[in-house]
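**Q** My questions are about this predicted structure, shown below with the sequence.
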Number of protein chains: 2
Amino acid sequence: MVSLGSRSISKIRAGTVALNICLGRARIFAEAKIFLVGENRAVRRKTRLDRTRKREKMFTLIHQDKNSKARLGKVTTAHGEFDTPAFMTVGTHATVKGLMFKDIEQAGAQIILANAYHLFLRPGIEIIKKAGGLHKFMSWNKPILTDSGGYQVFSLALYRKISDQGVEFQSHIDGSKHFLTPEDVIKIQETLGSDIMMPLDECVHYPCAKEESRAAMERTIAWAKRSKDAKQDTGSFLFGIVQGATYEDLRSDCAKRLVDMDFDGYSIGGVSVGESSNLIYNIIELVTGLLPLDKPRYAMGIGYPFDILEAVERGVDMFDCVIPTRYGRNGTAFTNYGKIIIRNAAYTEDFRPLDAKCGCYTCQNFSRAYLRHLFNAKEMLGLVLLSLHNVYFFLDLTRQIRQAIQEDKFSQFKQIFLMNYNHQTCA
Amino acid sequence: MVSLGSRSISKIRAGTVALNICLGRARIFAEAKIFLVGENRAVRRKTRLDRTRKREKMFTLIHQDKNSKARLGKVTTAHGEFDTPAFMTVGTHATVKGLMFKDIEQAGAQIILANAYHLFLRPGIEIIKKAGGLHKFMSWNKPILTDSGGYQVFSLALYRKISDQGVEFQSHIDGSKHFLTPEDVIKIQETLGSDIMMPLDECVHYPCAKEESRAAMERTIAWAKRSKDAKQDTGSFLFGIVQGATYEDLRSDCAKRLVDMDFDGYSIGGVSVGESSNLIYNIIELVTGLLPLDKPRYAMGIGYPFDILEAVERGVDMFDCVIPTRYGRNGTAFTNYGKIIIRNAAYTEDFRPLDAKCGCYTCQNFSRAYLRHLFNAKEMLGLVLLSLHNVYFFLDLTRQIRQAIQEDKFSQFKQIFLMNYNHQTCA
């Protein structure tokens, strides 16, 4: 405890001040936070407001395409920025299947998606906490978005029982029983050190009766509120997830009520679960029309190149999908001229790269004939090289999309891309 | 056809000349090879001799360790140099299992081993020929040594029938029947564009009766002679393979007769096929004592770190083994302090790298806990990262060996390495 004379501080007020303290013959220079008696609460509120303001700057809308709702933006997180529209490479188990992070980064990835449900079950949150957080555990120092696991609990768990309180489920790995509340799920993601968190939500399958869809939507909203209240000031962002199945009134209602709660961004969940493309696009169009312009929008689990283009056109900023690595492992490559099934005999003596336009390591070094040989010989490198190509392809697609928006040419870009892509000249 | 006046060439002689030709008002500058009538044959012989002389420079003995037979050397091929003692990473099917060539190169690989038998069966030599050779097919521009497939025919083929003429066998992949002569095997490797070729040889298993071993050795010598005669002037080197099982007189006889034939280097085949380590080291010691100092020696399929050290001490320059990638895929990492079985529960919360001394990408970025998680979650990246670490470990071991030889400290290095390695402080 140091007793200060009034001379040592030029003006006493709450806030940060530079101190120049004389203690006998010693001089101490320091910076200190000053709370005046009775003002602590006000100062804390102010600090919280400051942080909120900072958080509002999470998203910068750089340019709005003149001929569509496509937007060019930038998201700033504690682990750096990423440009939007962004494709987030999926690293469910704290690994993008088969790929080294240095290669994913070189391919242009600015953000990775991981999954709280999977990491909670394996290796367990305590291990990742002890490792110093998920970034350190998996050696990825750029932004990480974590999915809450809502979708996984409903699609993977051996058994689940949902109540307003939370969700009880049995692990799909070892059958162990767990109970998680929305508050638990936020804490898990904060422990992981996620840059962008998703609240626990309730997904329904397609088709789903309206009353069931409404109940799930209501629960999703209630859980979103509880998640927001549970959230600490750790520098993480929290999105609200719009549910409501394929019912326009439910989706509208959900979107509006979440917007009223003021989240850092908004996800469109429960799409691409079996419904037609047109239904997906309609729901996306409806929802983005209700979301604030100054917050990022994320279409969860989307999707194919044409889905991404349609969603960008409707104002979506963020995407994630397992397609690049899943298709890569199965021997399918995405190219500007459609898909290539690399095992096809047509590629036996085809010494061209997968895609002549592509700048990835695979296309810069290897032919279709070599890649086909690797798949035929059941060589792991085949899976790795095709996965890397596909990841690059999706990242490059969003790079091209961003450039087209910047030049107000998104519609032309989309048209030309789809013309080439659907023409399948090389498959 | 251009008729030249004597003035246009300053002096007519065989060889390469600069031409300065006047054709009316046009002047043509060119370089041409001139053969004088009747001298063609002599010139061709001279060219062949020049190439032979160049080939003799394949191996440079840089330093001989003062306290052992360990040697520091350099091998120069059409695709660049590699330092010896060298560990050659195995890329059987034109791929080092799971690893990208850029990462292998970054780990310090200067030469890769591929297998003529496997590539002959799949994808087939014609495809690799059309691709422009094996270097281009697999996008590796450094030296390649190809094994003839002698060992594979005897260990993998469904059926085999050996005669002095060659070997008839059934593919282990599709049951297709093939017949290959020693000449065919040289042609295959020349078509692949191998930098260092192995002749077809006959391997025997351990234990093997003396007469059978002698017959196999005699056939190996006869085939070595035929291989040498069949070899074209393509810039590839050809080694002789010393066989003779565990019989010292057979090994000596084989070594001497191959040395008389003057190969570019010498392999010690048929070791590490089930016999004890002492038997292996004795045979290696015996054989290297009979080989010329100015040619590289290659112990085929060796081996574990301690095997490599024992063989280097006995004057071996080149090694290959599938151990690094095979063990990596199975979850075993080699470290300076012994092997680590990464699935062990002991590593659950072990946030140290596999080997604190290691400079590989895996050790620079990931903990044992993370790698264990990848193996537990059956994630491909685990196999990839452990394989890369192991490849780096073996390459780094030979790097350290070379440095120790340079400083005449090989024996001390061996002693300290083995003391740490066998102590297993971290396993």
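**A** Great, that's in hand. Numbers count the residues shown, from 1 in each chain, chains lettered A, B, ... in the order given.

**Q** ok, residues contacting stretch A:358-365?
**A** Counting by CB atoms under 8 Å, 6 or more residues apart in numbering or on different chains, stretch A:358-365 makes contact with A:103, A:106-107, A:335-336, A:353-356, A:371, A:385-386, A:388-389, A:392-393, A:396, B:100-102, B:139, all of which sit outside it. Any C-beta I mention is one placed from the backbone N, CA and C, and that applies to glycine too.

**Q** Can you flag the buried ones in the residues you listed?
**A** A:103, A:107, A:335-336, A:353-355, A:371, A:385-386, A:388-389, A:392-393, A:396, B:100-101, B:139 (16 or more other CB atoms under 10 Å in any protein chain shown).

**Q** Strands - which of the residues you listed land there?
**A** The members of the buried ones among the contacts of stretch A:358-365 that map onto strands under DSSP state E are A:T335.

**Q** show me the contacts for the residue lying closest to A:F237 once chain neighbours are set aside.
**A** Distance criterion CB to CB, 6 or more residues apart in numbering or on different chains; nearest residue to A:F237, sequence neighbours excluded, is A:D264 at 3.8 Å. Listed by CB under 8 Å, 6+ apart, the contact partners of A:D264 are A:55, A:58-59, A:196, A:237-239, A:295-296.

**Q** Next, see if stretch A:93-110 gets close to chain B.
**A** Yes: using CB under 8 Å from any CB of the partner chain, stretch A:93-110 comes into contact with chain B via A:93-103.

**Q** Quick one: mean pLDDT over that stretch.
**A** Averaged over stretch A:93-110, pLDDT sits at 98.

**Q** likewise stretch A:347-359?
**A** Average pLDDT, stretch A:347-359: 98.

**Q** and that stretch, how far from the chain's centre?
**A** 32 Å (CA atoms, centre = their mean, to the nearest Å).

**Q** Next: stretch A:296-305.
**A** Put simply, stretch A:296-305 sits 9 Å off its chain's centre (CA atoms, centre = their mean).

**Q** Now do it: distance from first to last residue.
**A** Terminal residues of stretch A:296-305 lie 20 Å apart, using CA to CA, to the nearest Å.

**Q** Repeat that for stretch A:344-353.
**A** Using CA to CA, the end-to-end distance of stretch A:344-353 comes to 15 Å.

**Q** Which positions within that stretch qualify as buried?
**A** Of all the residues in stretch A:344-353, those buried under the rule 16+ other CB under 10 Å are A:347, A:349-351, A:353.

**Q** which of those residues are close to chain B?
**A** By CB under 8 Å from any CB, the members of the buried residues of stretch A:344-353 lying near chain B are A:349, A:351.

**Q** mind giving me CSV with the buried residues of stretch A:344-353 and columns for secondary structure?
**A** As requested, the buried residues of stretch A:344-353 are exported to CSV (DSSP: H, G, I helix; E, B strand; the rest coil):
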residue, secondary structure
A:Y347, helix
A:E349, coil
A:D350, coil
A:F351, coil
A:P353, coil
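
**Q** On the pLDDT front, check A:I28 for me.
**A** 40.

**Q** Likewise for the one 5 residues further on?
**A** A:K33 is assigned 40 on the pLDDT scale.

**Q** next one: A:G150
**A** For A:G150, pLDDT reads 84.

**Q** and if you look at A:A18?
**A** Predicted confidence (pLDDT) for A:A18: 43.

**Q** do you know how far the residue nearest to A:F237 is from A:G124?
**A** 27 Å (CB to CB, to the nearest Å).

**Q** same check, this time on A:T92
**A** Distance from A:T92 to A:G124, by CB to CB: 15 Å.

**Q** Which of the contacts of A:D264 fall in strands?
**A** A:59, A:196, A:237-239.

**Q** Out of the residues you listed, give me the two with the largest separation.
**A** Taking CB to CB as the measure, the ones in strands among the contacts of A:D264 span a maximum distance of 13.4 Å, between A:F59 and A:L238.

**Q** residues in chain A within reach of chain B, list them.
**A** Neighbours of chain B within chain A, by CB under 8 Å from any CB: A:93-103, A:122-123, A:127, A:130-132, A:137-139, A:348-349, A:351, A:361, A:365-367, A:369-370, A:372-374, A:376-377, A:379-381, A:383-385.

**Q** Contacts only, for the closest residue in space to A:M380 that isn't next to it in sequence.
**A** Of all residues beyond its chain neighbours, the one nearest A:M380 is B:G98 (4.1 Å), with distances taken as CB to CB, 6+ apart. Taking CB under 8 Å, 6+ apart as the criterion, B:G98 is in contact with A:380-381, A:384, B:325, B:328-329, B:380, B:383-384, B:387.

**Q** which one of the residues you listed is nearest B:R257?
**A** Checking the contacts of B:G98 one by one against B:R257 (CB to CB), the nearest turns out to be B:T325, at 35.5 Å.

**Q** In helices, which of the residues of chain A next to chain B fall?
**A** A:101-103, A:127, A:130-131, A:137-138, A:361, A:365, A:369-370, A:372-374, A:376, A:380-381, A:383-385 (DSSP state H).

**Q** Return a PyMOL selection command for the buried portion of those residues.
**A** In PyMOL, the members of these classed as buried (16+ other CB under 10 Å) are selected with the following command:
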select buried, chain A and resi 101+103+127+131+137+138+361+365+369+370+372+373+374+376+380+381+383+384+385
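
**Q** care to break chain A down by domain?
**A** Following automatic domain parsing, chain A resolves into domains at A:62-321, A:322-427.

**Q** counting contacts, what elements does the strand or helix carrying A:R214 pack onto?
**A** Element membership of A:R214, judged by DSSP states H and E, is helix A:210-230. Here helix A:210-230 touches helix A:182-192, strand A:237-242, helix A:248-261, going by 3 or more CB pairs under 8 Å, 6 or more residues apart in numbering or on different chains; DSSP states H and E.

**Q** Can I get the ones you listed in TSV including mean neighbour count?
**A** Output for the helices and strands packed on helix A:210-230, formatted as TSV (neighbours: other CB atoms under 10 Å in any protein chain shown):
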stretch	mean neighbour count
helix A:182-192	23
strand A:237-242	28
helix A:248-261	18
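
**Q** Any idea which of these gets closest to B:H423?
**A** Closest approach to B:H423 among the helices and strands packed on helix A:210-230 (CB to CB): helix A:182-192, 37.2 Å.

**Q** Next, the angle helix A:210-230 makes with that closest one.
**A** Interaxial angle, helix A:182-192 versus helix A:210-230 (axes from the mean of the first three to the mean of the last three CA atoms, to 10 degrees): 50 degrees.

**Q** helices or strands next to helix A:182-192 in the packing?
**A** Here helix A:182-192 touches helix A:116-121, helix A:125-131, strand A:144-147, strand A:196-197, helix A:210-230, going by 3+ CB pairs under 8 Å, 6+ apart.

**Q** who's in contact with the shortest one?
**A** Strand A:196-197 is touched from outside by A:75, A:77, A:143-146, A:148, A:186, A:189-190, A:227, A:231, A:236-239, A:264-265, with contacts defined as CB under 8 Å, 6+ apart.

**Q** Please repeat the previous calculation with a cut-off of 7 Å.
**A** A:77, A:145-146, A:186, A:189, A:236-239 (CB atoms under 7 Å, 6 or more residues apart in numbering or on different chains).

**Q** Identify the farthest-apart pair in those.
**A** Longest span within these, CB to CB: A:T77 and A:I186, 16.8 Å.

**Q** Tell me the residue of the stretch 151-300 of chain A that sits nearest chain B?
**A** Here the stretch 151-300 of chain A gets closest to chain B at one residue, A:I173, 8.7 Å apart by CB to the nearest CB.

**Q** how many other residues sit next to that residue?
**A** A:I173: 13 surrounding residues under other CB atoms under 10 Å in any protein chain shown.

**Q** Find the nearest non-adjacent residue to it, please.
**A** A:L121 (5.6 Å).
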